[in-house]
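A.B. asks: Return atomic coordinates for the entry below.
(one chain, ligands or ions: 1)
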Amino acid sequence: MSIVRDNLMTRKGYTPYCGNEHCRLNMPRTRYISGQFQCGCGWRSSFEAEFITTYEAKWVDPAPQPREVGNE
Ligand SMILES: [Zn+2]
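C.D. replies: Predicted coordinates:
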């Protein structure tokens with residue numbers, strides 16, 4: 001299991017950084033949206049469904065975003 005996946009399964013609220021090396025937002029941490037982790041630049045992660053199912057089962061509320069500052 002990768003470090004990112006390990007963190008996802010053990011650290012509540014953890015999200016990976018954007019994986020777009022040309023991210024116009026300087027590769028911030030992503031947000032969990034509709035079954036994948038998504039960046040404001042449009043990048044989405046590509047975890048397989050099996051992992052996402054396990055992830056969602058682990059965290060009933062998988063998307064706390066206390067660090068997010070924006071205009072939402
Ligand atoms: Zn991005």
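
A.B. asks: where does the chain dip in pLDDT?
C.D. replies: The model of the chain has pLDDT under 70 over residues 1, 60-72.

A.B. asks: Could you pull out the helices in it for me?
C.D. replies: For the chain, the helices defined by DSSP state H occupy 3-10, 49-58.

A.B. asks: so which of the ones you listed comes closest to the ion?
C.D. replies: helix 3-10 (15.3 Å; CB to the ion). Just so you know, the C-beta spots here come from the backbone N, C-alpha and C atoms, and that holds for glycine as well.

A.B. asks: what helices or strands is the closest one leaning on?
C.D. replies: Using 3 or more CB pairs under 8 Å, 6 or more residues apart in numbering; DSSP states H and E, the elements in contact with helix 3-10 are helix 49-58.

A.B. asks: May I see the buried residues of the helix it packs on?
C.D. replies: Judged by neighbour count using 16 or more other CB atoms under 10 Å, the buried positions of helix 49-58 are 52, 55.

A.B. asks: Could you export the helices of the chain to JSON lines, including columns for distance to N20?
C.D. replies: Below are the helices of the chain laid out as JSON lines (distance: least, CB to CB, whole Å):
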{"stretch": "helix 3-10", "distance to N20": "15"}
{"stretch": "helix 49-58", "distance to N20": "20"}
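
A.B. asks: Rebuild these as a markdown table, extending it with distance to the ion.
C.D. replies: Output for those, formatted as a markdown table (distance: least, CB to the ion, whole Å):
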| stretch | distance to the ion |
| --- | --- |
| helix 3-10 | 15 |
| helix 49-58 | 19 |
